[in-house]
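> Curious how this folds, go ahead:
(chains A, B, C and D, ligands or ions: 4)
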Number of protein chains: 2
Amino acid sequence: MKKNCAHKHTEKKQELASLTGRLRREARKITGPRAAILEILRHHPHPLTNKEIFAELPKGECDLVTIYRAMQMLEKLGMVKRFDFGDGTARFELVGEGDDGHHHHLICTRCASVVEIEECFPEEIERRIARVNEFTGVTHRLEFFGLCPGCQK
Amino acid sequence: MKKNCAHKHTEKKQELASLTGRLRREARKITGPRAAILEILRHHPHPLTNKEIFAELPKGECDLVTIYRAMQMLEKLGMVKRFDFGDGTARFELVGEGDDGHHHHLICTRCASVVEIEECFPEEIERRIARVNEFTGVTHRLEFFGLCPGCQK
DNA sequence: ATTTTAATTGCAAATCATTTGCAACTGATT
DNA sequence: AATCAGTTGCAAATGATTTGCAATTAAAAT
Ligand SMILES: [Mn+2]
Ligand SMILES: [Mn+2]
Ligand SMILES: [Zn+2]
Ligand SMILES: [Zn+2]
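Ligands and ions are numbered 1, 2, ... in the order given. All right, here's what the predicted structure looks like:
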């Protein structure tokens, strides 16, 4: 019943076949650009911007716009989770099947390095916040910021 | 010594004179547009977008760009706090003198109504996150989302 | 009160991330 | 191989925010 941070960072990478299977089930086509994008996401442990994905792609593999569209689609299917580090650029991370991808990060404000965080906002406090204000379906967006070891001059 | 959520939502509105005083001390000019902007912020309990501030301003009082510049300046002086509700538009809230403005909100995902939240991410957990990852100066950005009473069909 | 000077403003144009229109193209199915 | 909806590339549109610059003005100095 816990809905928060069920995300397991220890889970092994998903097979590409499992990913394309999910697409197929949703009546989506497995195209070159999509396979390439999934392949890149599969190999990255942290959220990537569309531009970063684009840069990793073999030149000319596909248009930036195609990546924007692919991420929209993958997000709608629940295959990727969108993160907002507050810099005006969306980042995406692959989400395991059955996982809602909810989790948080610790980001260095100098070098932008990212650490995946296991902790989550305490459920009972969130439930109280929801109850007190009579809100339903309450969730949260949370990211940590600080100076990483290497950037502490 | 607690740095989190020292913000008091129960504090009374700041006097305009106190606000302009802070500007003057920083060698900033008190102009019509700035006084008008501060006056609007003073009367709003929740974060406002630049466009919302612009809309509240008597027509022709000042240009939208002037508001963008004013908010940048006020943020640098620590007189306003910038919030990110994840919709790609910055929001600003006036911050009391000596207060860093750190706090959170509960936002209705249907009607966008906002509730000021007193709770904060537990300090001891944040400290552990910082220690374990050897980060310093760790802080967080946190907002809650859900359906407000009126929007629960 | 007038001058001086640096800060401020308006307006146009530039940036940046993201979205949209549309015709050409292609993966999956028959 | 024919079919057809889903995809893609490219150009253009959007929307928030920033920047360049000349004209304006608040506040300090005469
Ligand atoms: Mn992550
Ligand atoms: Mn607030
Ligand atoms: Zn969480
Ligand atoms: Zn907090």
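
> What residues are bridge-paired with A:Phe92?
Beta-bridge partners for A:Phe92, by DSSP bridges, are A:Leu48, A:Arg82.

> where's it relative to ligand 4, distance?
Relative to ligand 4, A:Phe92 is positioned 26 Å away (C-beta to the ion, to the nearest Å). Yep, even glycine has a C-beta here, placed from its N, CA and C like the rest.

> these two touch, right, A:Ile37 and A:Arg69?
No: A:Ile37 lies out of contact with A:Arg69 (C-beta atoms under 8 Å); the separation is 10.3 Å.

> Of the two, give the one with the bigger neighbour count.
A direct count of neighbours by other C-beta atoms under 10 Å in any protein chain shown for A:Ile37 and A:Arg69 places A:Ile37 higher, at 28 against 15.

> Wait, a helix at that one?
Yes: in this structure, A:Ile37 lies within a helix as judged by DSSP: H, G, I helix; E, B strand; the rest coil.

> what does stretch A:50-70 contact?
Residues outside stretch A:50-70 that contact it (C-beta atoms under 8 Å, 6 or more residues apart in numbering or on different chains): A:Gly32, A:Pro33, A:Arg34, A:Ala36, A:Ile37, A:Ile40, A:Leu41, A:Leu48, A:Met71, A:Thr89, A:Ala90, A:Phe92.

> For the last one, give me its contacts.
With contacts defined as C-beta under 8 Å, 6+ apart, the neighbours of A:Phe92 are A:41, A:47-50, A:53, A:71, A:74-75, A:80-83.

> before we move on, the earlier item: now list the buried members of the contacts of stretch A:50-70.
Among the contacts of stretch A:50-70, those classed as buried by 16 or more other C-beta atoms under 10 Å in any protein chain shown are A:Arg34, A:Ala36, A:Ile37, A:Ile40, A:Leu41, A:Leu48, A:Met71, A:Ala90, A:Phe92.

> out of these, which touch DNA strand D?
Applying C-beta under 7 Å from any atom of the strand, the subset of those adjacent to DNA strand D comprises A:Arg34.
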